[in-house]
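predicted model and sequence follow; I will ask about them next.
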Amino acid sequence: MRILKIIFLITGIILLSSCGETKEKKKKFSYERKHNSSSNLKEVNDNNNNFIKASETIDLINKGFGPVKDIDLSEEINSSMANRGSELFKKYCTSCHKIGKKFIGPPPNKILKRRTPEWVMNMIINPEQMIKKDPLAKKLLIEFNGAPMANQNISEEQARSILEYFRTLN
């Protein structure tokens, strides 16, 4: 019986001392989210000191980084290609992009009023390279809470069909 009391006493001391260490560790740990104003979205400034988000920035010059160098959209919308693009968009993109509203990623409607077709296709085909090298893609990553666009291994032909679908959303 006496041995049993000693074991309980030692166990109690060990538990109390380990609880004290846990509390001490919790007191020392702190997490502080750092904000760097120079990399925040409120970086693009119009003449009236109104800040424009990266997703609302209009850049019709930048072609981005990737295999797509020149796209001609002077032809009428190819409806069969646009239909294929709609199917591909539903299959690969709707988990993060919603038509007409911000979701995990930006809405694709009217994207061609804000971006070049080359930029859009390069972002679809190779989002990792775009996020590393393209300043606008970097700002979009920040705006959308650091959620990078997933590489869906979409071919250039598939990306062109998705782009054609986007043309119907403008």
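Sure, I can see it.

could you pull out the helices for this structure?
Per DSSP state H, the chain has helices spanning 2-28, 79-92, 117-125, 127-133, 135-143, 156-168. These are given in chain order.

for the fourth one, C-alpha coordinates in PDB please.
Taking C-alpha atoms only, helix 127-133 is exported to PDB below (Å, rounded to 0.1, in the frame of the first residue of the first chain):
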ATOM      1  CA  PRO A 127       0.800  29.000 -63.500                       C
ATOM      2  CA  GLU A 128       3.900  28.300 -61.500                       C
ATOM      3  CA  GLN A 129       6.200  30.100 -63.900                       C
ATOM      4  CA  MET A 130       3.700  33.000 -64.100                       C
ATOM      5  CA  ILE A 131       3.600  33.300 -60.300                       C
ATOM      6  CA  LYS A 132       7.400  33.300 -60.100                       C
ATOM      7  CA  LYS A 133       8.100  35.800 -63.000                       C
END
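
gap between that helix and the chain center?
Relative to the mean C-alpha coordinate of its chain, helix 127-133 is positioned 11 Å out (C-alpha atoms, centre = their mean, to the nearest Å).

quick one: mean pLDDT over it.
Rounded to a whole number, the mean pLDDT of helix 127-133 is 96.
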